[in-house]
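Q: only geometry, no sequence info:
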């Protein structure tokens, strides 16, 4: 079993030709449908569908309220380590970048955890750079043991693991996985990952499936927007989410639509993804997967995030910091600059002001 | 007229049970409960945060209500049992609504795992109210293993589509000696009234209230509808006919 087989169906697919054949009537029909197939989803990602954003937004809003209510789940990321052996040309942590490399000790993890827990958040996402030597699975497991004292849900965003390694972390208390494929286009992926284990496209692509087989509760996938044509990348992200939901029905599946942000190294996005493009992507996905989660990070600026609350988002990060130990050490260098610097209280105030409730706890490992 | 529903040794005068998910603010919950007159309120233990009173959903349930934690998020019987035990240990009482769902696309309950969880928890002294897909044999089994009531879905959770499983629920009402509480799918007060007219012991409503334009007013409407439906049921609705009954019967001449 692999999503790779699904991707190969589109190996020689002519996206331009497909988009040319999309009609206004076709888009109206799709918006009115109860259930969308993958070609319907692609049609909603077309340039022509840009003329129907309001209609899509109205339906996306209704579907989101119906399935999730007027609530937004809040979480925050914690960077455990920034050692990395990869050469991803777009990332601030890549091996050739000169920055202070750091790894939190269990005591430092606890110090950061206390600061975050004091905000009331109960869900945390832990991240590392990709270095099996500096941040092995045993190290991550030890950190999870510490974090479980403060948080009811711990998710990981780390290098791809083998199935038994995922099972080990799940047994320790991890319940969620975020794994960005970065780029679904295999050729572009090869160009952007010139060195390091991350060059292995298939191993990364299949990681969510390995985690699902190992028993993870939630899985979040996505493409880093700005690295390649956003319409096809959004399409493959949606297909990936749909594939996971079909094959692992007991797993809660979400997507994230991260856009490239400035970082140490200064790689310029290859493709500009406008706010309108981002909104179209989220709306199309919501209509395609009404029960799929949509996570919007602090990469996006506050004003835009405020609007996305009503356009399908279900989960948002708050009080974010992309530096290792950055909450207790203000001097650290982050992976990228965040745009929305509001703390948890400010995020909660905003949500209440637009008629939504912040949810701090939505799961607890039992 | 004294019309009391008895579950797990507790007398309940309101036959509208309320869910607490999806509201735009926990602060609405006390108003909604009051407007509806509900006495049984369910909360997802996954949302209960005992460390943080301000955001603890259970803290917003009025003290005179029966708090019914549910096992939302459980994917199998084992998880449901652990959640139930944790709820009781956390002081949430011994009522538990079993929700075992391993299908995130439609959120349909897993009847097999639900029976297993019910059996274990009933034996441990819980008042177990299992949420289930309406199936007579499953309902019989749930009764056999100790369920205090049976909660069939009217339509998929959150869909507001109404009593799509009406015929199957009718059979449960006729055949199962336990209270039948219609849970999930009811979108309008008229549908709640219809369920009560059919003979359901109670209905549980959440999304229809939480996502209404004015949740407090809608809660009030549901409270009235459930009462009306119950009174109609007790009154004994007249027979329904497929054809008009002629005032000049065809066989009248035999009596002339």
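A: Now that the structure is in, tell me what you want to look at. Fair warning: this is a prediction, and the values are worked out from it, not measured in the lab.

Q: okay but residue A:235 is in contact with residue A:39, surely?
A: No: here residue A:235 does not reach residue A:39: they are 9.9 Å apart, not a contact under C-beta atoms under 8 Å. To be clear about C-beta, it is placed using only N, CA and C from the backbone, and glycine gets the same treatment.

Q: Alongside chain B, which residues does the stretch 1-150 of chain A contribute?
A: A:65, A:66, A:67, A:68, A:69, A:70, A:71, A:120, A:122 (C-beta under 8 Å from any C-beta of the partner chain).

Q: Columns secondary structure, neighbour count and pLDDT on top of those, output as CSV?
A: As requested, the residues of the stretch 1-150 of chain A next to chain B are exported to CSV (DSSP: H, G, I helix; E, B strand; the rest coil; neighbours: other C-beta atoms under 10 Å in any protein chain shown; pLDDT from 0 to 100):
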residue, secondary structure, neighbour count, pLDDT
A:65, helix, 19, 94
A:66, helix, 17, 92
A:67, helix, 21, 93
A:68, helix, 23, 94
A:69, coil, 21, 93
A:70, coil, 21, 94
A:71, strand, 25, 94
A:120, coil, 18, 89
A:122, coil, 25, 93
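
Q: tell me the two of these that are most distant?
A: Spatial extent of the residues of the stretch 1-150 of chain A next to chain B (C-beta to C-beta) is set by the pair A:66 and A:120 at 27.3 Å.

Q: What strand or helix carries residue A:135?
A: For residue A:135, there is no enclosing helix or strand under DSSP states H and E.

Q: That one contacts residue A:103, doesn't it?
A: Yes: with contact defined as C-beta under 8 Å, residue A:135 and residue A:103 form a contacting pair (6.2 Å).

Q: Compare these two (neighbour count), which wins?
A: residue A:135 (24 against 20; other C-beta atoms under 10 Å in any protein chain shown).

Q: next one: phi and psi at the closest residue to chain B within the stretch 51-200 of chain A?
A: Going by C-beta to the nearest C-beta, chain B is nearest to residue A:69 of the stretch 51-200 of chain A, at 2.3 Å. For residue A:69, the backbone dihedrals are phi 80, psi -170 (criterion: degrees, to the nearest 10).

Q: Is it correct that it is in contact with residue B:23?
A: Yes: with contact defined as C-beta under 8 Å, residue A:69 and residue B:23 form a contacting pair (6.7 Å).

Q: Identify the contacts common to these two.
A: Listed as contacting both residue A:69 and residue B:23 by C-beta atoms under 8 Å, 6 or more residues apart in numbering or on different chains are A:357, B:210.

Q: Could I get the buried residue list for the longest helix seen in chain B?
A: Longest helix in chain B, counting residues (DSSP state H): helix B:215-235. Judged by neighbour count (16 or more other C-beta atoms under 10 Å in any protein chain shown), helix B:215-235 contains these buried residues: B:215-216, B:218-230, B:233.

Q: Which of these sits closest to chain A?
A: The closest of those to chain A turns out to be residue B:215 (C-beta to the nearest C-beta; 9.8 Å).

Q: thinking again about what came up before, quick one, which of residue A:235 and residue A:39 is more surrounded?
A: A count of neighbours by other C-beta under 10 Å puts residue A:235 above the other of residue A:235 and residue A:39, at 27 against 12.

Q: Show the contacting residues for residue B:122.
A: Contacts were defined as C-beta under 8 Å, 6+ apart; by that measure residue B:122 touches B:128, B:145, B:146, B:147, B:148.

Q: Could you check which helix or strand contains it?
A: Per DSSP H and E, residue B:122 falls inside helix B:111-123.

Q: could you say what helices and strands whichever helix or strand comes after that helix packs with?
A: Going down the chain from helix B:111-123, the next helix or strand is strand B:127-132, by DSSP H and E. Judged by 3 or more C-beta pairs under 8 Å, 6 or more residues apart in numbering or on different chains; DSSP states H and E, the packing partners of strand B:127-132 are strand B:95-98, helix B:111-123, helix B:136-144, strand B:151-152.

Q: from the middle of its chain, how far away would the first one be?
A: When distances are taken as C-alpha atoms, centre = their mean, to the nearest Å, strand B:95-98 is centred 11 Å away from the chain's centroid.

Q: Would you mind pulling the contact partners of that strand?
A: Residues from elsewhere that reach strand B:95-98 (C-beta under 8 Å, 6+ apart): B:8, B:40, B:42, B:66-71, B:74, B:80, B:84, B:87-88, B:114, B:117-118, B:121, B:126-131, B:151, B:183.

Q: thinking again about what came up before, can you name the two of the contacts of residue B:122 that are farthest apart?
A: Most distant of these, by C-beta to C-beta, are B:145 and B:148, 11.2 Å apart.

Q: Who has more neighbours out of these two?
A: Using other C-beta under 10 Å as the criterion, residue B:145 and residue B:148 rank with residue B:148 on top: 22 against 18.

Q: Three-state assignment for that one, please.
A: At residue B:148 the chain is in coil, as set by DSSP: H, G, I helix; E, B strand; the rest coil.

Q: what residues are up against it?
A: So residue B:148 contacts B:7, B:8, B:122, B:127, B:128, B:129, B:178, B:179 (C-beta under 8 Å, 6+ apart).

Q: go on, residue A:311?
A: Counting by C-beta under 8 Å, 6+ apart, residue A:311 touches A:57, A:60, A:61, A:64, A:279, A:282, A:283, A:286.

Q: isn't the fourth one right next to residue A:314, touching?
A: Yes: Residue A:64 is in contact with residue A:314 according to C-beta under 8 Å; the separation is 6.9 Å.

Q: In chain B, where is pLDDT below threshold?
A: B:1, B:256 (pLDDT under 70).
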